[in-house]
Every structure is written in C-alpha cells, then in structure tokens.
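Participant: Need the 3D shape of this:
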Amino acid sequence: MSATLEDPPLPPQGRVRTRVDSRVGSRSLVWLAILAVLAGLHAMRSVFIPLAFAVMLFFLLRGPVRRLTALRVPRIVASAIVLGAAVGVLALTALELAAPAVTWAKRLPSAVQELEAKSRTLRLPLEQASRGVQAVSTLGEVDGSDKVPRVAVVRPGWLQGMVEGAAEFTSQVALTIICAFFLLLDGEAVLGRLTTFAPSYARDHRASLLVGDVGRRMSKYLLTVTCINLGLGTVISIAFALIGMPNPLLWGGLAAVLTYIPYLGPAVGIALVALASFVTFPTAGTAALPPLVYFALASLEGNLVTPLVLGHSFRLSPLVVFVWLSVWVWLWSVPGAMLAAPLLMLLRIVCEENPSLAGLGHLLGGRSR
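Facilitator: Numbers count the residues shown, from 1 in each chain. Reported below is the predicted structural model:
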C-alpha cells in the first residue's frame, strides 16, 4: 500500500503573507515600468517632443479639416490647406515679432547693468557686508609661490552653439509639421482602428464612442484655451500701447505663448516686462505700471475668464498641475512645460470617459462620470 506525499496546507497567516507579497511585487513592477517609461521619454525627447506637439496640432485642427471634408474636399487637400494656413500664420507672426525680439535681446546685457545701477542704493548695504565677510575669510589664506595650477576648459564658441541650436530647432519644427500632416490625413482612421482592441461588439461600440468623445473634448479644450490666450495677448498689447510701453505686439504675443505654461509662464512674462519697463521709463512709478497691468490681466484670465469659459468639466487640481508640470519640465525642459497642461487634460478626459478609470479622473481634479 503506497501513500502519496502532499504539501501541507498553508496556515491562514501564510496565505495572507503570500497575497501581500504578490501585491507588493506587482506594485514594484508598476513603479519599475513607470520609471522605464520616464527614462525612455527623457532619452528620446528629440523624437517624442515633435510627436507630442503634432498630436496637439491634430486635436486643434481636426475640426476645420472635418468641415472641409464634409464639403467634399479631398482629405489630403483639406489637411494641406488647414495645416498650411496655421503654419503660415505662425510664421508671419514670428517674422513680424522677430525684429523687436532681437532688439530687446541685444539690449538685455545693458538693460541688466542699467537695472543694477538703478537698484544700487538698495544693494549697497548688502555689498558692504559681503566685502567685510570676504575680508575676514581671506585672513587665513597663505600667499605662497607654489600655487596649484588650474586647467582652463575651452568651451565652444557661442556662434557654434547658436548654429547647432537653430539646426536642432528647425529639424524638430519640420518633424512636427510632417507628423501633424500625416495625423490630419490618417489620424481619424487610426483613432477608429483603436476600437479593434475591444473583444466584443458591445465593447467595440463603446470603445468607438469613447474615442470619439475623447477627440471631441480634447479639440474643444485646445481650441478654447488657444482663443483665450490670443485674447489675453490682444488685450495686453492694447493696454501696453495705451500706457506707452515699446513694442506692445511683442509683449502681447509673448503673453499669449507663455500662458500655455501654468504658473511659470505668467511669472516669466511679468519678470521680462518688469525688466524692460524699468530700463525704459525714467521713474519707478511709471516703470511699475506695465508689470502691474500684466499681473492684473493674467490674474483675471486665470481666476475668472478661463474657469468661467471652460467650466467644471475642464478643471484641474492645482496641486496635480504643479507636480505634473515639474515632472515634464524635468523631462523635456521648456517644451515639456508647454505640453504639460494639454497632456494632463488629455489624461483626465480619457479617465473620465472610461468608467474603470473614473477614480483617477476624480483625483486629477473634477467630477467623474
């Protein structure tokens, strides 16, 4: 008579410990996957940045392309017309503002020196204290003849750096335009083919509605935000022209672009306007007026106009926006700062349209469906 040997059953404490260990292991794998994705986004930013801007252009311009195709215009022609018009407007605006921007860039060193001279009376006590600390710290130094030699590091010239930066910027702009054109040409079909991942007809129909709703809401968000930013830039240009600020169109265009960046954009714009204002106007009272106007209009836009126009469905948690912005600035620097808010809104829209992700959508700042 043979007996079969079997493993004894685990006690309840052992089963609980096994489940806990499996949960910890799965969470560790999730965090490792997130870190791997972030490392990939940072390492291949020269490819992903143009692609991300192209996706935003697709959501922004898909409405006009669909209207032209509804009028029996071939999609390739409609995509070329809409994208060409958008790129042409941006190029003409950049050329129009290039001359005053270059002028202010050349004036920047002298402007900083002039600002330092005007604020010297405020900095004089601090400079005297700093000289005293430096004099005390040099008392213990020994002036010997055998000093350690220093190695001078020769850096490439600024002209070479500018040429390399311009070449990289041009290539990324060209890649963005090409990707945006192909997305406008075939992006609707690609979004439709996403529904093939659904395993049944009911889920396929639900997935089709979900993809359509996400595209429609994202297009509405980007179009609304762009109109608000252009309106803010126009109002700032008019206000600066009335108070005598030089190159009001430049500052209005700068404000329209910087408003895409939450928190940091308006702060940078106010700082630049303050620097230009304090080296332009003779008195402190008149010099403080342009940055105060910028601050008032930006505050009105951020706290009243944008929440009123977009409503609750596009509202985001300020803490989540700040953390998200910090991550994308670390990943992609300035382009990441400009893309942070649209990407976060895209994530929230996807979460709200998908019931299984409703909790994450609520965490990002609004009600879940």
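
Participant: and residue 336, what is it in contact with?
Facilitator: By CB atoms under 8 Å, 6 or more residues apart in numbering, the contact set of residue 336 is 49, 328, 329, 330. In this view, the C-beta of every residue, glycine as well, is placed from N, C-alpha and C.

Participant: Name the pair among these with the greatest separation in space.
Facilitator: Greatest spacing in these, by CB to CB: 49 and 330 (13.9 Å).

Participant: Same drill for the two, tell me which one is more crowded.
Facilitator: Between residue 49 and residue 330, residue 49 has the larger neighbour count (other CB atoms under 10 Å), namely 22 against 11.

Participant: so where do the helices sit in the stretch 1-150 of the chain?
Facilitator: Ranges of helices in the stretch 1-150 of the chain, per DSSP state H, counting those that start in this stretch, are 12-43, 45-70, 75-118, 120-137.

Participant: Which of those has the lowest mean pLDDT?
Facilitator: Ranked by mean pLDDT, the helices of the stretch 1-150 of the chain bottom out at helix 120-137, with a mean of 54.

Participant: need the next SSE after that one, C-terminal direction.
Facilitator: Counting by DSSP states H and E, the element after helix 120-137 in chain order, helix or strand, is helix 158-193.

Participant: list the buried ones in that following helix?
Facilitator: 172, 175-177, 179-181, 183-185, 187-188, 191 (16 or more other CB atoms under 10 Å).

Participant: next helix or strand past that helix?
Facilitator: Next helix or strand after helix 158-193 toward the C-terminus (DSSP H and E): helix 201-243.

Participant: pLDDT (mean, whole number) over that following helix?
Facilitator: Mean pLDDT, helix 201-243: 83.

Participant: and it, how far out from the chain's middle?
Facilitator: Its chain's C-alpha centre and that of helix 201-243 lie 15 Å apart, by CA atoms, centre = their mean, to the nearest Å.

Participant: I'd like the next helix or strand past that helix.
Facilitator: Using DSSP H and E, the helix or strand that directly follows helix 201-243 along the chain is helix 248-258.

Participant: The following helix or strand past that following helix versus helix 75-118: what angle between them?
Facilitator: Using DSSP H and E, the helix or strand that follows helix 248-258 towards the C-terminus is helix 264-278. Using axes from the mean of the first three to the mean of the last three CA atoms, to 10 degrees, the inter-axis angle of helix 264-278 relative to helix 75-118 is 50 degrees.

Participant: Just confirm residue 291 contacts residue 269, I think it does.
Facilitator: No. Residue 291 lies out of contact with residue 269 (CB atoms under 8 Å); the separation is 9.0 Å.

Participant: what about those two, which has more around it?
Facilitator: Set side by side, residue 291 and residue 269 show more neighbours around residue 269, with 23 against 20, by other CB under 10 Å.

Participant: got the contact list for that one?
Facilitator: Contacts of residue 269 were listed using CB under 8 Å, 6+ apart, and they are 251, 254, 255, 258, 259, 294, 298.

Participant: Next: residue 281.
Facilitator: Contacts of residue 281 (CB under 8 Å, 6+ apart): 287, 289.

Participant: try residue 291
Facilitator: Contact analysis of residue 291 by CB under 8 Å, 6+ apart lists 270, 273, 274, 277.

Participant: Likewise for residue 219?
Facilitator: Residue 219 neighbours (CB under 8 Å, 6+ apart): 59, 60, 62, 63.

Participant: Let's have those in JSON lines, adding neighbour count and distance to residue 349.
Facilitator: Output for the contacts of residue 219, formatted as JSON lines (neighbours: other CB atoms under 10 Å; distance: CB to CB, whole Å):
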{"residue": "59", "neighbour count": "22", "distance to residue 349": "10"}
{"residue": "60", "neighbour count": "20", "distance to residue 349": "15"}
{"residue": "62", "neighbour count": "23", "distance to residue 349": "15"}
{"residue": "63", "neighbour count": "16", "distance to residue 349": "16"}
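
Participant: Quick check: residue 338 touching residue 258?
Facilitator: No. If you go by CB under 8 Å, residue 338 and residue 258 don't touch, sitting 9.0 Å apart.
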